[in-house]
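Chemist: Provide a 3D model corresponding to the input given below.
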Amino acid sequence: MKNKFSIRVVNHLLFVSMLIGFVTLFSFNLAAFDLLHSENGNTKKGNSFLDTGKNEKALTMYNKAAKELPDNGKVHLNRGLALLRSGDDKLDEAMQALTLATNSDSDNDVLARANYNLGNAFFKKEDYDEAIKHYKKSLMLSPGNKDAAWNLEVARLNKKKKEEEQKKKQDQEKQNQDQDKQDQDKQDQDKQDQDKQDQDKQDQD
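Modeler: Next comes the predicted model:
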């Protein structure tokens, strides 16, 4: 009796652990908001403002820094991160800044962070192909990035789920179109039959 009870407990715990794993699988990590330090004065001020939650003032400083150092990947990365913190209405602008960072002649650390966060931005837009592409680039530049590896797998799962939903929707639309055509064909045939009956009756009269 005790052994049967123990087996049931173990099986229940295994089921719970699998369920927890399944639930958490569809969440992804947006934690990579670490700012990179720069010798530029406006960037330093921007970092200070951002650390204290003053996003607008931080962005003003980063915008000035970006004009002074248009080819500096660190500046564009920090500006992109500040824009990401500013909410979804700044998402497109953040992606532009992060794209500049990914295309800059910067070291692997900057490029890896820029690609990771650009991947997160595409993920939020549910553009999983682009998200996957940038997570892969981030992992190539920084193979030990567990967050990028995790988000890559979640993006792949979400892409598959989205494709399945789209296929299901397309199949349903096709089924509805086929049904509409059948209904219309039946109506047309019924009308033709009725017209023929009316004509035959007139001929008999």
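
Chemist: Does the closest residue in space to Leu141 that isn't next to it in sequence lie in a helix or a strand, and which?
Modeler: Counting by CB to CB, 6 or more residues apart in numbering, Leu141 lies nearest to Ala112, which is 3.8 Å off, once chain neighbours are set aside. Quick note: C-beta positions are derived from backbone N, CA and C, even for glycine. Using DSSP states H and E, the element containing Ala112 is helix 108-124.

Chemist: Which residues outside whichever strand or helix holds Gly80 are in contact with it?
Modeler: Per DSSP H and E: Gly80 is located in helix 73-85. Applying CB atoms under 8 Å, 6 or more residues apart in numbering, the set of residues contacting helix 73-85 from outside is 33, 35-36, 38, 40, 43, 46-47, 50, 55, 58-59, 62-63, 65-66, 69, 90-91, 93-95, 97-98, 100-101, 104-106, 110-111, 113-114, 117-118, 120-121.

Chemist: What subset of the residues you listed is buried?
Modeler: By neighbour count, with 16 or more other CB atoms under 10 Å, the contacts of helix 73-85 hold 35-36, 38, 40, 43, 46-47, 50, 55, 58-59, 62-63, 65-66, 69, 90-91, 94-95, 97-98, 100-101, 104, 106, 110-111, 113-114, 117-118, 120-121 as buried.

Chemist: The helix or strand that comes right after the helix holding Gly80 vs helix 73-85, what angle?
Modeler: Later in the chain than helix 73-85, the nearest helix or strand by DSSP H and E is helix 91-102. Per axes from the mean of the first three to the mean of the last three CA atoms, to 10 degrees, the angle that helix 91-102 makes with helix 73-85 is 160 degrees.

Chemist: Just the CA trace of helix 91-102, in PDB.
Modeler: Below are the C-alpha coordinates for helix 91-102, written out as PDB (Å, rounded to 0.1, in the frame of the first residue of the first chain):
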ATOM      1  CA  LEU A  91       9.600  50.300 -30.100                       C
ATOM      2  CA  ASP A  92      10.200  51.200 -33.700                       C
ATOM      3  CA  GLU A  93      12.600  54.000 -32.800                       C
ATOM      4  CA  ALA A  94      14.400  51.600 -30.400                       C
ATOM      5  CA  MET A  95      14.800  49.100 -33.200                       C
ATOM      6  CA  GLN A  96      16.300  51.700 -35.500                       C
ATOM      7  CA  ALA A  97      18.900  52.600 -32.800                       C
ATOM      8  CA  LEU A  98      19.700  48.900 -32.100                       C
ATOM      9  CA  THR A  99      20.000  48.300 -35.900                       C
ATOM     10  CA  LEU A 100      22.600  51.000 -36.100                       C
ATOM     11  CA  ALA A 101      24.500  49.400 -33.200                       C
ATOM     12  CA  THR A 102      24.400  45.900 -34.900                       C
END
